[in-house]
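> Sequence first, then the predicted structure, then my questions.
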Amino acid sequence: MAALGDTPHRYGPVSRALHWGMAILFAAQFLSAAARWALPRGDAWRDLFWSYHVDLGSILFMLVVIRGAWGLANLTRRPPHEGLMGRAAAAGHAAIYALMIVVPGARLVASAGSTRGLEVLGLTVFPPRDTEIAWMTAVGEWHGEMGWILAALIAGHVAFALGWHRIIRRDGVYERMTARGGAAAEGGGRP
């Protein structure tokens, strides 16, 4: 596991693969939500983008659980977040992780209590109910709003990683999560 795990100087290949793979999948997920919001009902593009939203959301939820478990297993070896900015980054990451669990969790609870049920990749997760359970479906009302809050936090994460660490400070933090890691990431300082 040592070659796959994280080190105090950089994130390992498993962490990087999960991070960047999920980044691509989240971009597709937010694109599907944006198309559903922006395009009129019956629009072919809206229907195309929305057609994968539930399946992709379910896959992302599973990846979040895997990524969380992997992160906890590597917690003592990961690059540190130091100082006030490090604590702010840790709080931002915690908020992102929390929403990556809560957003699909709300939809799962709502689906479990709905007359539609939930099918993922052709498999029935929750069969349709004869009668709706109101409190459970009410939980799902927050799914979309919390999803957009998650999107805003992720956009801030990207802007901070690129703007502050990559362009302004050039401190090697961005490189810790890329395959180019190099000397700057290994030493943790300016190149």
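That came through fine.

> which residues of this structure fall in strands?
Under the criterion DSSP state E, strands of the chain are mapped to 118-120, 123-126.

> Turn these into TSV, columns for mean pLDDT, distance to Ile133 and mean neighbour count.
The C-beta positions use only the backbone N, C-alpha and C, and glycine is treated the same way. Shown next, in TSV, are the strands of the chain (pLDDT from 0 to 100; distance: least, CB to CB, whole Å; neighbours: other CB atoms under 10 Å):
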stretch	mean pLDDT	distance to Ile133	mean neighbour count
strand 118-120	95	14	17
strand 123-126	96	11	12
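
> Give me the distance from stretch 101-111 to the chain's centre.
Taking CA atoms, centre = their mean, to the nearest Å, one finds the center of stretch 101-111 at 14 Å from the center of the full chain.

> Could you list the residues in contact with that stretch?
The contact list for stretch 101-111, computed with CB atoms under 8 Å, 6 or more residues apart in numbering, reads 57-58, 60-61, 64, 68, 117-118, 125-126, 136-143, 146-147, 150.

> and with 10 Å instead?
Where contact means CB atoms under 10 Å, 6 or more residues apart in numbering, the residues beyond stretch 101-111 that reach it are 29, 53-54, 57-58, 60-62, 64-65, 68, 99, 116-120, 125-126, 128-129, 132-133, 135-151.
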